[in-house]
Structures are given as structure tokens and as C-alpha cells.
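S.K.: Show me the folded form of this:
(chains A and B)
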2 protein chains.
Amino acid sequence: MIKPVGSDELKPLFVYDPEEHHKLSHEAESLPSVVISSQGPRVSSMMGAGYFSPAGFMNVADAMGAAEKMTLSDGSSSCSVLCLLENTDAIGDAKRIALRDPNVEGNPVLAVMDIEAIEEVSDEQMAVMTDKVYRTTDMDHIGVKTFNSQGRVAVSGPIQVLNFSYFQADFPDTFRTAVEIRNEIKEHGWSKVVAFQTRNPMHRAHEELCRMPMESLDADGVVVHMLLGKLKKGDIPAPVRDAAIRTMAEVYFPPNTVMVTGYGFDMLYAGPREAVLHAYFRQNMGATHFIIGREPPAWVTTTVPSTPRPSSMTKCQRAPWRSRSSCRPHGLLQEAEQDCDDARRAGSHQGRLRTALRHQGREMLGQGIAPPPEFSRPEVAKILMDLLPVHQQLILIWFSGKTRPGVGRWRVFLCAAGALWPEAVAVANMEKRSSTG
Amino acid sequence: MIKPVGSDELKPLFVYDPEEHHKLSHEAESLPSVVISSQGPRVSSMMGAGYFSPAGFMNVADAMGAAEKMTLSDGSSSCSVLCLLENTDAIGDAKRIALRDPNVEGNPVLAVMDIEAIEEVSDEQMAVMTDKVYRTTDMDHIGVKTFNSQGRVAVSGPIQVLNFSYFQADFPDTFRTAVEIRNEIKEHGWSKVVAFQTRNPMHRAHEELCRMPMESLDADGVVVHMLLGKLKKGDIPAPVRDAAIRTMAEVYFPPNTVMVTGYGFDMLYAGPREAVLHAYFRQNMGATHFIIGREPPAWVTTTVPSTPRPSSMTKCQRAPWRSRSSCRPHGLLQEAEQDCDDARRAGSHQGRLRTALRHQGREMLGQGIAPPPEFSRPEVAKILMDLLPVHQQLILIWFSGKTRPGVGRWRVFLCAAGALWPEAVAVANMEKRSSTG
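M.R.: Model (predicted):
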């Protein structure tokens, strides 16, 4: 089985011994405590679950190094992980504190931290990290805005994680730690494993996106890895999404080739750097390959709809590093940057076409007509039509992929879809030009 | 896939819609509330997770019917599920209340109940239920004592479950709902599925117990279903047990034939009736067959060590009912009763032999000597020797099985073990006599 990044074994920060867990929970109630920023619980959950493995929140030097060179002061690879507070009034001189969850009622304790440093982060340092990670410092970019809306006091030190925020409680049948996914991959007996992230029910296009690398790589299985989080207005409810995905997997994939799982995190909209972070997550959970979709590594400026939305960027990427001795995150970063540039150049035109396509789908569903089988499997469409409230049947999201050598069937599929949905052919052809031009 | 008991689909009482879940959690904080008995959270967790499916806690008529005839007033099969309180002072006239968890610090809300009835249970009714379920009213029996130590006021009505007590939080990589296990069985592509319950690391005997029915039934896979709960002094820590079981499965079973899972419940020591309840759990989670081990359906009077401890009762039982139209819980009950009687007759003699055997194992481990390969796989022994504190290496528990027609290899294994451990042969032969005599 593929090893976690830079280590022979996973190092989840969750306190697994129940006795120790109870003791620590009890102790935490009497420690000085601070409610961390709303990004914090997702990060501590991912560290708790073993998806990535710094020992805790970083000091500024390490965070700057990770942002600039993707390496820490000890030479190991990592992404920046800061705990940024407004001030340390609640902490005082304490060396051991409880970190509380801003996203759950009552602000329960998430983790206990042994403080190693409290540092102020200068505006210049914030700007450098922002620029390195997001490749822009434009505060209209939602990722830039979220990162910079935190305080300027970095509290750092190792943490012991006590829970997975609301993710495990809200999604009890779907949430998985990296430890669990590794265990389950072993149980399935898979060695070559493709990971696919989604936030939505999987339509025909998503299904093909999973099938193509499975076939071209002769992989044993695909782990559908759902991004779990609080729903926004118009999102498909989690139980409906789960049912749709499980039905698709059950009916259209051979037995023992699909696992449906979820994890608690957020879109960062950090472009190519986000692809590197996701590679880290996927390798740690035991996937040997992962599919880079349109959105995870993309710049998406949702606050400014007129900004060109980057286009599809669909490829299957081998887990980019296997051990400290053969680190290749920079290779992945370069490829992802090139893809994003290609995508951005083509973005404006494609965006218009895709919008037209999506509207056609909405119209059909709005009229109670099932979408054509090229868009959605009938079993999946039925679940969505049966279980979704009518107003939500209008927001099914169309997902498009980019044509590349070796993934020709994807284009073929789009062309076939074009018999009913002529714009698809235009998208496919235009994408072909942009990828070869 | 096998259907849940008496229904076409699972009816877990957990509130799956996150929005609804948050709303209900918020509402629950202002409802009149009551801390339920320490048995309650296990029962509500099992209902929440879909392992069994009454709509909530029963009224006295239904509980009496379930105890006496294993059927409810509407004719459906069930076991008794009562919420017994000392008094209703905290509830008053409320029709909607929050049930709080006595087993977690701060007594968080477990579930919300819409009260349909509040009834006093007479001593006579308690005695009838006790006798029917435990086949004794002796208060020295630990199950009888626990059941009767609750209050006499039965609060009944449908519940909506908000969490799985401490089971999910304490065992994040192992705890599974019945919904999850069904999903995973589908993902594995299994149709004939054997369930095996354990509380301990699996030694050679446990391994064979899983392998035999797999082979004789030509089953697709076995679900190891660990009983999760608070540890008692001397118990193997959960992470050590998990590692030992996963290693055994990985090294000694073919790929895609073992799932390692856990659920939150307690031993009831309710003899044959417990076998029926476990059949219910196992069928609901999607197993077509389950192994009845020595302890789950046994009378064990742990408070009175001199009481004969029932012997091994090992068999593989087909899930006893498939739908309401072909209910067969009574058949299972009769078989389990016969087995328990056989076991009890042979109990005293076997108990002494098994104790001798266990002491030999303890001595070896106490001296730092790995147990022989007939007792424990070397990989499993290594994990136990490496990870357990020394004092805990003394409490490895020997598990013995009963020889029966069709499970001859089990006896063969015991005889082979006898080359090193002569008492094993005596146990095997004696068991052979008792089962055929």
C-alpha cells in the first residue's frame, strides 16, 4: 500500500485511547481556551483524521517556508497551517490551552494545544503567503478574503485532537478518517486506487471521469471522496446526494470497485496549490492516483461573477510523492499551474457555453422532464426527482471535462451528448483546440 | 441483499438531514429533559443506527408482549425496549422531552421523544419480563440486576435520535451504523455474509470460527462486528484490539472477504433471548448468517463466580426471518434454548478445564514467551506483546468452541493445539461426548 507523505505510517492527531480521551476532555474544560477562526476546525479535523500530518499549528517561519517553498524548516514537505487569532487576551501566559469550535453550538473543545510560540504576523508576511498560495492578493477573491479576515496573532504548537467538529456527527454514514479509508482499501484488497472528489450527485460525466482512469490505469478501485460541509442555499441535501451516488456506483460499476466516503473540509479556491494539498490528502488516505477536476485547483472568484471562471481541468495524477526521498510536489505544482493558465485563457468563452448548457438542463427539470440519459443515469435522475424539493431540482450542476490525449472517450461522450445537447460538441471542440493550440 | 427484519428498508431513527438535526438540537436544549438510565443510550444508539427498528421506546403492553411472545400489539416481531425512569418530576405535563445521556460528561441530549404514555410498571410485570427474558429472577444474575435496578415509570413514544452516545466519538475508525454496514457490504459486492461478534483480539480459534462457516456456506465475506463500550480493568485497549484483528484479517484471509466494524451495545447476559436480539441486529445490518459464540446468548452470572459458567455454543445460524410473512424467531429461540441447556449441563467440568488452559497462556505471556501458533498467529501475538502494557499481557482470553457435526475442523484444530496444550484434547473430547450424549 502506498505510504503516507514523508512517513512510514499515518500520524493522526486524534486521541485514540478512550481513557486518555476522556481524561483530556475533562482537563480541557478547565484550561484557558479560545474560540478559533471558522477555518480552524476543518484544519484540526484533517490533522486529527490523518489527512495531513504536521504535529500541530505552525509557527510563522514554518508557515512562510511552506507558502514560499512548500517545505518546512526541517526540510519536509507541507502546506501552511496557521492558527490565527485576533488577540491572546483569553490565553494570557498559559502554555497549554483548549481550542474551541466556532461552528458548533456551545463552542465545544476541538483540541488541546501546547503553546510553543505566540507571534504577530506582519501585513507583509500575510501578503507574501497570500500571493504564494492564491497567486493574487485581490481581496475580492473569496479565498484571499477568508484567509485575510482572520486575526494577526499566530499561536503555534502541537495539538491533540478531541473531535472532528460537526462532520462526524452530521454525516455519520459518510464521514471517514484517512485511517478508516486506508483500512477499507486494505479490506477491499485494492492496490492501485483512484480518488475522485465531488460535492454533488454524480451524473454521467462524473461517472465517466471515474471510469476512464480506472480503465486506462487498470486500477482496482475508485474512492469517491465527498466534500462534506454546511449546506448553502440550493445545495443538494446530503442524504439525496449520497443515495444518488451509491445508486450510480451499485448499478453501473462492477462489484468491489467503488467506495463512497466523505471528509470535512472547505474549498479554498487556491488554484494549483490546492491541487498539491489535495494530493497530500489523497496519498495519506491510501489513493495512488487522484483526479484533478475543474474546481478544486481553480481560481474561482465567486464574489465577482464577471471574473472569467476557469474552465475544466480534468486529468488523473499519480500521487506526486511517495516518501521524503522522492518528493515531487513541485512537478505537480508546475503542471497544475500550466493547466490553470490554459483554462483561464479559454475560460471566458467556455463559461458562456456551459451556462447555456446548464440552463437547458434546468428548464427540463423545471418542467418535470427527466434529463437525457447522456446527462444523468435514469436511476440517479429518479432519486433526484423523487427526493428533492421542486425548487432544488432546478440547480443540478453540469460538470464538464477537458479533452486530453489518452482520455479520448471523454470527448466521445461529450460528442454523443451533443446529439441532444448541441452545445456540448462546441465545448468539446473548443476544448480540443485550447489543449492542443 | 437481505432485507431488514419486517421491512423493505432500514428505518434508522437518527435525524440525517443536517439542517433538521441542527434545528432539533437547538430545540432540545429548551425542552424539559431527563437523564435516562445507563442502559438507555445503548438502546437509543442502536435504534438511531438502524440495528433495530421500533419507532421509539415502548409502552408497557408492547414491552410485555415482546417479552412474552416476541411480538408487538400490531403483530410485528420485536424485543422489549423500555425507557424506565425513577420518576417524572423533571417532565411534568410535557408532551415533548429531551432524553439525556448519563454516560457522557455534561449529559448531552441523546434524543427527543414525543410522549405517548407514562405508565407505572408493577413489580409483577417486571418479574414476568425478567423471567421471560432472562429465564431467572435471581437478583445475583448481573443482567437481571441491571434491568431491575432501573426505575418503575415507563415513558414511551417515538424518538428522534441526535447522536450515538460516546460510541462514535470514542471509536471513530470502528463504529458503524447498520446503514453504513449495508452500504459497505454492497460496495464489496457480497451477497452471502457471515457476521461474527467479538470483544477481544482474534486468536487462531476465532479465526477458524470465521473461516469455517465461510467455507461450508461458500459465503462471500465475514463482518467482524466488535462490541464497543467502556473498558473494564484488564480489557484490551481498543486500538490494540483493532490492530490485532486487522492484521489477522489482512494476512490470513483472501482480499475482499473481511470487514472490521464495531457497534455500541452491552452484553445483556440474557441467554437465548439475546441470540434472537443479535439475529435482529445482524440481519438489519445486512448479514445473512451469524455465528452464535459462547457468550452472547449465555447465562453468565459474573457476580457469583461459583455458578456454573455455560460452555461453548458455537454454530452458524441463518438470519432467522426475512420478512414479516416468514417470521422464524421462535425457531431460533428453541435452538438457542436447547444449546444453552446442553452447555449448562457440561458447564461445570469444562469451566475448570478452560481455566487451567487460560492460566497456562497467562504464565507464558507473563514470562515474555509468545503463545504457541495454535493459540495465536505470530503477527497477532507480536502486536499484543509490543503494544500492551505488561500487566495486560496476562489477561488474554482463551475462547473455546463446541464440536458439532459439520464443524469438525474446529475439533481438529483443538486436537492439534493439544500437542502443546494437552488440556485442549480433553476439552474437545468432553465436548464431543456432551454434544452427542
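S.K.: And the strands in the stretch 1-150 of chain A?
M.R.: Taking DSSP state E, counting those that start in this stretch, the strands of the stretch 1-150 of chain A run over residues A:33-35, A:56-57, A:84-85, A:96-100, A:109-114, A:117-120.
S.K.: tell me what the first one is packed against?
M.R.: Counting by 3 or more Cβ pairs under 8 Å, 6 or more residues apart in numbering or on different chains; DSSP states H and E, the packing neighbours recorded for strand A:33-35 are strand A:96-100. Glycine gets a C-beta too; all of them are placed from N, C-alpha and C.
S.K.: angle of the strand it packs on against strand A:109-114?
M.R.: Orientation check (axes from the mean of the first three to the mean of the last three Cα atoms, to 10 degrees): strand A:96-100 against strand A:109-114 gives 160 degrees.
S.K.: And the residue nearest to A:Ala195 when sequence neighbours are not counted, what's its pLDDT?
M.R.: In space, not counting the residues next to it along the chain, A:Ala195 is nearest to A:Ala287; the distance is 3.7 Å by Cβ to Cβ, 6 or more residues apart in numbering or on different chains. A:Ala287 is assigned a pLDDT of 92 by the prediction.
S.K.: for chain A, what are the low-confidence residue spans?
M.R.: Within chain A, the stretches falling below the threshold (pLDDT under 70) are A:75, A:77, A:231-234, A:293-371, A:374, A:387-437.
S.K.: B:Val34 versus A:Glu184, what's the distance?
M.R.: Per Cβ to Cβ, to the nearest Å, A:Glu184 is found 39 Å from B:Val34.
S.K.: still on that earlier bit, point out the most buried one among the strands of the stretch 1-150 of chain A.
M.R.: Ranked by average neighbour count under the criterion mean count of other Cβ atoms under 10 Å in any protein chain shown, these are headed by strand A:56-57 at a mean of 26.
S.K.: Paired strands for that one, with orientation please.
M.R.: When pairs are called by DSSP bridges, strand A:56-57 turns out to pair with strand A:153-161 (antiparallel).
S.K.: Convert the helix or strand that comes right after the strand it pairs with to CSV, retaining C-alpha atoms only.
M.R.: Stepping forward along the backbone from strand A:153-161, the first helix or strand reached (DSSP states H and E) is helix A:167-170. Listed in CSV are the C-alpha atoms of helix A:167-170, where the atom choice follows Å, rounded to 0.1, in the frame of the first residue of the first chain:
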residue,chain,number,x,y,z
PHE,A,167,-18.5,16.5,10.3
GLN,A,168,-18.7,13.1,12.0
ALA,A,169,-21.9,13.9,13.9
ASP,A,170,-23.7,15.4,10.9
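S.K.: ok, residues contacting helix A:167-170?
M.R.: Under the criterion Cβ atoms under 8 Å, 6 or more residues apart in numbering or on different chains, residues A:45, A:175, A:228-229, A:238, A:262-264, B:18, B:21, B:163, B:168-169, B:172 lie in contact with helix A:167-170.
S.K.: list the buried ones in that helix?
M.R.: A:167-170 (16 or more other Cβ atoms under 10 Å in any protein chain shown).
S.K.: hang on, the earlier thing: can you pick the most crowded of the contacts of helix A:167-170?
M.R.: Ranked by the number of neighbours (other Cβ atoms under 10 Å in any protein chain shown), the contacts of helix A:167-170 place A:Ser45 first, at 28 neighbours.
S.K.: show me what contacts that residue?
M.R.: By Cβ under 8 Å, 6+ apart, the residues touching A:Ser45 are A:110, A:161, A:164-165, A:167, A:264-265.
S.K.: Looking at the stretch 201-350 of chain A, what residue ends up closest to chain B?
M.R.: When Cβ to the nearest Cβ is the measure, the stretch 201-350 of chain A has its nearest residue to chain B at A:Pro255, with 2.2 Å between them.
S.K.: okay, now that residue: neighbour count?
M.R.: 14.
S.K.: helix or strand for it, which one?
M.R.: Secondary structure assigned from DSSP H and E places A:Pro255 in neither a helix nor a strand.
S.K.: For it, list the residues it contacts.
M.R.: By Cβ under 8 Å, 6+ apart, the residues touching A:Pro255 are B:188-189.
S.K.: mind giving me the domain split of chain A?
M.R.: Domain assignment for chain A by automatic domain parsing gives A:18-165, A:174-436.
S.K.: picking up where we left off before, with distance to A:Ala49 as new columns, can the strands of the stretch 1-150 of chain A be given to me in CSV?
M.R.: Formatted as CSV, the entries for the strands of the stretch 1-150 of chain A read as follows, by distance: least, Cβ to Cβ, whole Å:
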stretch, distance to A:Ala49
strand A:33-35, 21
strand A:56-57, 14
strand A:84-85, 22
strand A:96-100, 16
strand A:109-114, 12
strand A:117-120, 25
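S.K.: could you check whether stretch A:203-212 is close to chain B?
M.R.: No - looking at stretch A:203-212 against chain B by Cβ under 8 Å from any Cβ of the partner chain, there are no contacts, and the closest approach is 13.7 Å.
S.K.: Look up phi and psi at A:Arg211.
M.R.: phi -70, psi -40 (degrees, to the nearest 10).
S.K.: Give the burial count for the closest residue to it other than its chain neighbours, as a bare number.
M.R.: Residue nearest to A:Arg211 in three dimensions, not counting chain neighbours: A:Phe253, with 7.6 Å by Cβ to Cβ, 6+ apart. The criterion is other Cβ under 10 Å. On that basis, A:Phe253 has 18 neighbouring residues.
S.K.: show me the contacts for A:Phe253.
M.R.: With contacts taken as Cβ under 8 Å, 6+ apart, A:Phe253 has the following neighbours: A:210-211, A:222.
S.K.: 10 Å instead, please
M.R.: In this structure, A:Phe253 makes contact with A:207, A:210-211, A:214, A:221-222, B:187, B:189, judged by Cβ atoms under 10 Å, 6 or more residues apart in numbering or on different chains.
S.K.: just A:Ile185 next, same as before
M.R.: Contact analysis of A:Ile185 by Cβ under 10 Å, 6+ apart lists A:1-2, A:191, A:193, A:220-221, A:223, A:259, A:285-288.
S.K.: so is it in a helix, a strand, or just coil?
M.R.: State at A:Ile185, reduced to three classes by DSSP: H, G, I helix; E, B strand; the rest coil: helix.
S.K.: Counting neighbours, what do you get for A:Pro158?
M.R.: With neighbours defined by other Cβ under 10 Å, the count for A:Pro158 comes to 15.
S.K.: Could you measure from the spatially closest residue to it that is not a sequence neighbour over to B:Ser44?
M.R.: What sits nearest to A:Pro158 in space, not counting adjacent residues and going by Cβ to Cβ, 6+ apart, is A:Gly56, at 3.9 Å. As defined by Cβ to Cβ, A:Gly56 lies at a distance of 36 Å from B:Ser44.
S.K.: cool, A:Met46 as well?
M.R.: In this structure, A:Met46 and B:Ser44 are separated by 30 Å, where distance is defined by Cβ to Cβ.
S.K.: That concludes my questions; thank you for your assistance.
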